[in-house]
Structures are given as C-alpha cells and as structure tokens.
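Novice: Got a sequence here, can you model it:
(one chain, ligands or ions: 2)
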Amino acid sequence: MPKRIPKILITGGAGFMGSAFVKLLIKGSFSVQGELPFVVVDRLTYAGDLKRLESVRRKFKFYKVDICNKRQIDSVFKKEKPEIVVHFAAESHVDRSINDAQVFIKTNVKGTQILIDACRRYGVKKFVYISTDEVYGKLVHGKFKENACFKPNNPYAVSKATADLLVQAYVKAYKFPAIIIRPSNNYGPWQYPEKFISLGILRVLEGGKIPLYGDGKNIRQWLYVDDCMRGIAAIMRKGRVGEVYNLGGIGESRNIDTAKLLLKVLGVSPEQIEFVQDRLGHDIRYSLDSSKVYRELGWKAQVGFIQGLKLTVDWALQHQRWLKSKLPDINKLYK
Ligand code: NAD
Ligand code: DAU
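Specialist: Ligands and ions are numbered 1, 2, ... in the order given. Here you go, the predicted model:
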C-alpha cells in the first residue's frame with residue numbers, strides 16, 4: 001500500500017524558509033501519483049515571492065490570504081481541512097521591527113492567535129510553530145536549552161516570544177497539539193536581501209561593500225536553510241506533541257569573520273567591508289543547544305559554513321536579476 005501523506009497547510013510558504021520547506025515536502029513525495037496534499041497560504045508581502053516556488057508551481061494549492069483575516073482563514077480551513085499546519089508566516093526582519101513595531105505585533109501575535117483558533121475549530125491534528133532563538137535574548141557564554149527563560153530584546157523578538165507563549169498556553173489550557181521549533185539564523189538561496197549574508201552578497205555584486213554594524217563582533221549561529229528544513233520535517237513527523245525543539249547551526253561566527261569569509265568565497269578583496277552605525281539593542285550573541293533534537297530524532301546540522309556560503313553565492317550568481325529586483329526596497333530600508 002502506498003503511504004498516505006496527510007494534508008499539510010504551510011503558512012508563509014512563499015517566503016525564504018517556507019518555500020524551502022514546501023520544496024522539500026514535494027521532493028520527498030516524488031513517487032506519489034496524482035495531486036499532492038500541500039496547501040500554501042501567504043499574503044505575499046514585500047518578503048513573499050512565488051518565484052521561489054516556480055520549479056514546483058503545479059504541485060501545491062495556493063491561497064493569497066492574510067493570516068490576520070479570520071474570515072479568509074476560516075474559508076481556507078473549511079475548504080481544505082488540513083490535518084497538519086506548519087506556521088512560518090511572519091514579519092521576520094529585526095531592523096524593520098525597530099523602525100516600526102506595529103505590523104510585527106499584528107501579524108506575528110494576532111495572526112498566530114487567529115490561526116491557532118482556526119486549528120482548534122477545524123480539529124487540526126498537529127500544529128508546528130516556527131519560533132526563533134531570539135526569544136531567549138542574548139548570551140555571552142554557554143548555550144540556550146529549550147527550558148531557558150525568555151528575555152527578548154527587540155520588537156520582532158518580543159512578537160515571536162508572545163506568540164510562542166500563546167501556543168504554549170493553548171497546549172496547557174486546551175491540550176492543543178502543538179510543537180514549537182526555535183531555529184537559529186538561517187541563510188541560503190532565495191533569502192530576501194535585507195538579511196546580513198544575502199545583503200552582503202547583493203552589495204558586493206553591485207560593486208559595493210558589506211555593511212557591518214558596530215564593531216562587527218556580534219555572533220550568530222548560522223544554519224543552512226536546507227539543514228533547517230530537514231530538521232523541521234523530522235520534528236513535524238516524529239517530534240513529540242507539546243514539546244519545544246531548538247535547531248541550531250554549526251557555524252557560530254562573529255559578523256566580521258562571516259563578512260571576511262563571504263568576501264573570500266565571492267573572490268573579492270577583504271577590504272570590501274564598511275563599518276556602519278550599530279543596530280539599536282543589538283544582541284551580542286545567540287547560541288542554541290540542539291542536543292534534544294539529536295537525541296530524540298538524530299538531527300544535526302550537516303552543511304559546513306564555508307560549504308553553505310559557497311552554495312549560497314553560486315545560487316546568487318545565477319539569480320542576480322532576482323536579487324537586484326529587490327534593490328529599490330532595500331535602498332529605501334537602508335538609506
Ligand atoms: P520571510 O520574511 O522570508 O517570509 C515570511 C513570509 O510570510 C512571506 O512569504 C510573507 O509574504 C508571509 N507573510 C507575512 N505576513 C503575512 C500575513 N499577515 N499573512 C500571510 N502571510 C504573511 O521569513 P523567513 O526568513 O522565511 O522566516 C520564516 C519564519 O521563520 C518566521 O516565522 C521567522 O520568524 C522564523 N525564523 C526565521 C529565521 C531566519 O533566520 N530567517 C530564523 C529563525 C526563525
Ligand atoms: O536568530 C534568528 C533570527 O535571525 C530570525 O528569527 C530572524 O527572522 C532573522 O532575521 C535573523 O535575525 P538577525 O537580526 O540575527 O539577522 P540579520 O541577518 O538581520 O543580522 C545578522 C547579524 O548581522 C546581526 O548581528 C546584525 C548584523 N548585521 C545585519 C545587517 C542587515 C550587520 O552587521 N549589517 C547589516 O547590514
């Protein structure tokens with residue numbers, strides 16, 4: 001008997017990570033005949049782009065829907081009756097949240113509440129919330145385990161932490177069948193060029209320099225996007241309901257070292273760096289302990305940092321038009 005795939009609804013599926021997840025699901029279903037049970041819901045904000053899914057366009061159903069619109073969400077759930085919901089949709093960029101927090105609270109908090117209420121009404125069997133390592137706040141030494149306290153330091157992180165707590169409250173109050181995943185910084189193909197690595201590549205492709213905030217000593221734990229998606233898929237399938245899982249990358253690196261490595265991979269001078277004004281409330285370091293997901297599901301990041309940067313740069317060189325099409329928006333953001 002061929003294995004039945006449950007109907008999976010992915011919010012934010014036209015975004016950087018959501019689209020990589022949709023492609024992974026489709027790739028894993030290559031032997032399945034007929035229509036695949038994948039449904040993508042996305043409002044297509046500045047960050048959403050169906051070009052990311054062009055290679056698999058006919059293999060999923062798409063709804064251009066705002067998760068904050070209860071009526072629209074209800075009508076999708078009524079029609080599609082998803083069994084699993086994987087929730088990526090969010091406003092995701094810290095700098096934008098520092099400029100204006102409003103839409104972050106609306107989409108990330110209210111949108112999540114509308115979605116989980118719909119899941120309860122329509123009897124969704126599993127809800128996977130894509131949270132972030134930023135909920136824990138910064139740390140100088142050691143690593144955060146899943147039971148660390150929340151100390152978010154910017155409006156984006158607060159909005160994600162609030163939604164994370166809301167999901168936890170639904171688990172406790174209603175036995176809501178949720179799993180929470182907290183990944184570290186993702187990078188890779190199709191990332192919107194507002195984020196550090198993709199912005200750095202775009203600036204260099206334009207003949208410019210990589211902008212470094214402050215003294216460049218802040219540390220991030222980089223996770224190649226396909227590694228992260230393998231982890232999310234494993235947790236969705238076999239993770240324990242009601243649990244939280246960290247997904248941390250291999251490459252813990254100071255921003256200045258990341259910039260130098262990136263310049264090396266791009267084959268340009270290490271001088272192509274410019275120090276710019278620091279981000280407000282800039283967290284010094286994030287670092288996750290991912291031993292729980294390794295112990296329970298055998299997941300660990302596999303793509304080394306240099307290898308991942310090479311894959312990202314190769315992709316960027318082949319997709320310069322797409323990256324450069326985002327320049328007007330990027331130049332408005334970082335004027
Ligand atoms: P992204 O900004 O690339 O994509 C977000 C997607 O959500 C876009 O397609 C956008 O159109 C959609 N969206 C935004 N508001 C919406 C709304 N109101 N209704 C429906 N769709 C809406 O983000 P990403 O980097 O792919 O991140 C995905 C998720 O993972 C987010 O929840 C983010 O907080 C989390 N996360 C990201 C990272 C990272 O490094 N990128 C790390 C950890 C966690
Ligand atoms: O840690 C997970 C988080 O990673 C996700 O939850 C967020 O959605 C995602 O945006 C990302 O947040 P960061 O703020 O860490 O990512 P960003 O790429 O914006 O910045 C990475 C580091 O690089 C950070 O220390 C700030 C620095 N930076 C960033 C930009 C855009 C620079 O030095 N120069 C820049 O121009």
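
Novice: Kindly list the longest helix within the protein.
Specialist: If each helix of the chain is counted by residues according to DSSP state H, the longest one is helix 155-174.

Novice: List the buried residues for stretch 326-335?
Specialist: Within stretch 326-335, the residues scored as buried using 16 or more other Cβ atoms under 10 Å are 326, 330. Every residue, glycine included, has its C-beta placed from N, CA and C.

Novice: does any bit of that stretch sit next to ligand 2?
Specialist: No. Stretch 326-335 lies out of reach of ligand 2 by Cβ under 6 Å from any ligand atom, never closer than 6.9 Å.

Novice: Do that stretch and ligand 1 come into contact?
Specialist: No. Applying Cβ under 6 Å from any ligand atom, one finds stretch 326-335 separated from ligand 1 by no less than 11.4 Å.

Novice: chain center to that stretch: distance?
Specialist: When distances are taken as Cα atoms, centre = their mean, to the nearest Å, stretch 326-335 is centred 21 Å away from the chain's centroid.

Novice: what's it in contact with?
Specialist: 46, 95, 96, 192, 193, 194, 199, 202, 206, 211 (Cβ atoms under 8 Å, 6 or more residues apart in numbering).

Novice: Using PDB, list the CA coordinates for it.
Specialist: Extracted in PDB, the C-alpha atoms of stretch 326-335 (Å, rounded to 0.1, in the frame of the first residue of the first chain):
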ATOM      1  CA  LYS A 326      14.700  44.000  -4.600                       C
ATOM      2  CA  LEU A 327      17.200  46.900  -4.700                       C
ATOM      3  CA  PRO A 328      14.700  49.800  -4.600                       C
ATOM      4  CA  ASP A 329      13.100  48.300  -1.500                       C
ATOM      5  CA  ILE A 330      16.500  47.600   0.100                       C
ATOM      6  CA  ASN A 331      17.800  51.100  -0.600                       C
ATOM      7  CA  LYS A 332      14.600  52.600   0.900                       C
ATOM      8  CA  LEU A 333      15.200  50.400   4.100                       C
ATOM      9  CA  TYR A 334      18.900  51.200   4.400                       C
ATOM     10  CA  LYS A 335      19.000  54.800   3.200                       C
END
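
Novice: Any residue of the lowest-mean-pLDDT helix or strand in the chain touching ligand 1?
Specialist: Here the helix or strand of the chain ranked lowest by mean pLDDT, DSSP states H and E is strand 251-254, holding a mean of 91. No. Using Cβ under 6 Å from any ligand atom, strand 251-254 stays clear of ligand 1, coming no nearer than 12.7 Å.

Novice: which secondary structure elements does that strand contact?
Specialist: Here strand 251-254 touches strand 219-224, helix 305-318, going by 3 or more Cβ pairs under 8 Å, 6 or more residues apart in numbering; DSSP states H and E.

Novice: if you set the cut-off to 7 Å instead, what comes out?
Specialist: For strand 251-254, the elements it packs on are strand 219-224, judged by 3 or more Cβ pairs under 7 Å, 6 or more residues apart in numbering; DSSP states H and E.

Novice: who touches the strand it packs on?
Specialist: For strand 219-224, the external contacting residues (Cβ atoms under 7 Å, 6 or more residues apart in numbering) are 183-188, 247-249, 251-255, 284-288, 301, 303, 305, 308.

Novice: what about burial for those, which qualify?
Specialist: By neighbour count, with 16+ other Cβ under 10 Å, the contacts of strand 219-224 hold 183-188, 247-249, 251-255, 285-288, 301, 303, 305, 308 as buried.

Novice: quick one on the thing from earlier: any residues touching the longest helix of the chain, and which ones?
Specialist: Residues contacting helix 155-174 (Cβ under 7 Å, 6+ apart): 94, 97-98, 101, 104-105, 108-109, 112-113, 116, 120, 129, 131-132, 134-135, 150, 152, 176, 178, 180, 242.

Novice: Determine if any part of that helix is in contact with ligand 2.
Specialist: No. Shown here: helix 155-174 not in contact with ligand 2 (Cβ under 6 Å from any ligand atom), separated by at least 6.5 Å.

Novice: again, but for stretch 291-307
Specialist: No. Using Cβ under 6 Å from any ligand atom, stretch 291-307 stays clear of ligand 2, coming no nearer than 13.9 Å.

Novice: got it, and stretch 223-240?
Specialist: No. Using Cβ under 6 Å from any ligand atom, stretch 223-240 never reaches ligand 2; the gap is at least 8.8 Å.

Novice: So what's the gap between that stretch and the chain middle?
Specialist: That offset, for stretch 223-240, works out to 12 Å (Cα atoms, centre = their mean).

Novice: before we move on, what about stretch 200-216?
Specialist: Distance, centroid of stretch 200-216 to centroid of chain: 22 Å (Cα atoms, centre = their mean).

Novice: Tell me where the stretch 151-300 of the chain has helices.
Specialist: 155-174, 196-205, 225-238, 255-266, 291-297 (DSSP state H, counting those that start in this stretch).

Novice: could you dump these to CSV with distance to ligand 1?
Specialist: Below are the helices of the stretch 151-300 of the chain laid out as CSV (distance: least, Cβ to the nearest ligand atom, whole Å):
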stretch, distance to ligand 1
helix 155-174, 5
helix 196-205, 10
helix 225-238, 8
helix 255-266, 13
helix 291-297, 14
